[in-house]
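Asker: Next input, structure requested:
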Amino acid sequence: MGQCCDCETPESRLRDAAYRRILWIALFINAGMFLAEIGAGLMAGSVSLQADALDFLGDAGNYAVSLFVLGMALGVRAKAALVKGLTMGLVGLWVAGSTVWHALEGTLPGAGVMGAVGFAALVANGIVFALLWAWREGDSNMRSVWVCSRNDLIGNVAVLLAALGVFGTKSGWPDIAVAAVMAALSLQGAWAIVHHALADLQASATPEQMPS
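Answerer: Residues are numbered from 1 along each chain as shown. Sure thing, here's the model as predicted:
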C-alpha cells in the first residue's frame with residue numbers, strides 16, 4: 001500500500017504522455033543548440049558561449065534520462081535526479097576552471113558572434129521554458145528539468161549582456177564575469193537538485209520500512 005502513489009491511473013498516463021512529448025521537443029532543441037553554440041564559442045574564443053553550450057549538452061542528457069525514467073517508481077526517478085545533480089555540479093566546476101584559464105590568458109572574444117548566437121540560444125531556451133512551465137512543480141526529477149531550463153534562460157540573457165560589454169569595453173572581462181556567474185548558477189542548481197533528490201529517496205524508502 002505504501003507504493004500506491006506510484007501506481008498508474010488514466011490521468012497519470014495522459015499526463016506522462018504529454019510530458020514525454022515536451023521532453024522530446026526539448027531534447028532535440030538542446031542537442032541542436034549545443035552543436036551550434038560549441039562551434040561558435042570556440043570560433044569566437046568566448047568562455048561564456050562555451051559554458052552555455054555545455055549547459056545545452058547537459059540539458060539534452062537531462063531530458064534523455066528523464067524520458068527513460070518517466071513513469072518509473074519515485075526511488076528510481078530520485079536516483080536519476082541525483083546523478084543529474086552531481087553531473088551538473090561537475091560541469092559547474094569545469095566552467096569555473098575554464099573561466100580562470102581564460103582570465104589568465106586574457107582572451108578577447110568576438111562580440112558579434114557572441115551576440116548573434118546568444119540571441120538564438122535565448123529564443124531556443126525561451127521556447128523550452130514556455131513548454132515546461134506547466135511541469136515546474138513535481139518530484140525531484142521534474143524539478144531538475146525545470147531548474148536547468150530556468151538557469152539556461154538566465155545564462156542566455158547574461159551572454160547577451162557579456163557581448164555588449166565586450167563590444168563596449170574591447171575587453172574580455174565581461175565574458176569572464178558572465179562565465180563565472182554561469183558556473184555559480186550551475187553549482188547552485190546542482191545543490192538544489194541533489195537536495196530534492198535525497199528528500200525523494202528518503203520518502204520512497206519510508207513506506208518500505210513501515211510495518212504491514
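
Asker: From now on I want contacts and neighbour counts done on CA atoms only, so please keep to that.
Answerer: OK.

Asker: mind listing the helices for this structure?
Answerer: 10-44, 47-69, 74-105, 111-132, 140-169, 173-209 (DSSP state H).

Asker: What angle do helix 173-209 and the third one make with each other?
Answerer: Following axes from the mean of the first three to the mean of the last three CA atoms, to 10 degrees, one obtains 160 degrees for the angle between helix 74-105 and helix 173-209.

Asker: Which other helices and strands does helix 74-105 contact?
Answerer: In this structure, helix 74-105 packs against helix 47-69, helix 140-169, helix 173-209, with contacts taken as 3 or more CA pairs under 8 Å, 6 or more residues apart in numbering; DSSP states H and E.

Asker: now swap in the fourth one and tell me
Answerer: For helix 111-132, the helices and strands in contact under the criterion 3+ CA pairs under 8 Å, 6+ apart are helix 10-44, helix 140-169.

Asker: deepest of those, which one?
Answerer: Mean neighbour count (mean count of other CA atoms under 10 Å) peaks for helix 140-169 among the helices and strands packed on helix 111-132, with a mean of 22.

Asker: check contacts around the residue nearest the centre of the chain.
Answerer: Nearest to the geometric centre of the chain sits Cys148, at 2.7 Å (CA atoms, centre = their mean). Cys148 sits next to Asp55, Asp59, Gly189 when contact means CA atoms under 8 Å, 6 or more residues apart in numbering.

Asker: can you do 10 Å?
Answerer: Residues in contact with Cys148 (CA atoms under 10 Å, 6 or more residues apart in numbering) are 55-56, 58-59, 62-63, 85, 88, 129, 185-186, 189-190, 193.

Asker: Closest to Ile25 out of those residues?
Answerer: For the contacts of Cys148, the residue nearest Ile25 by CA to CA is Tyr63; the value is 9.4 Å.
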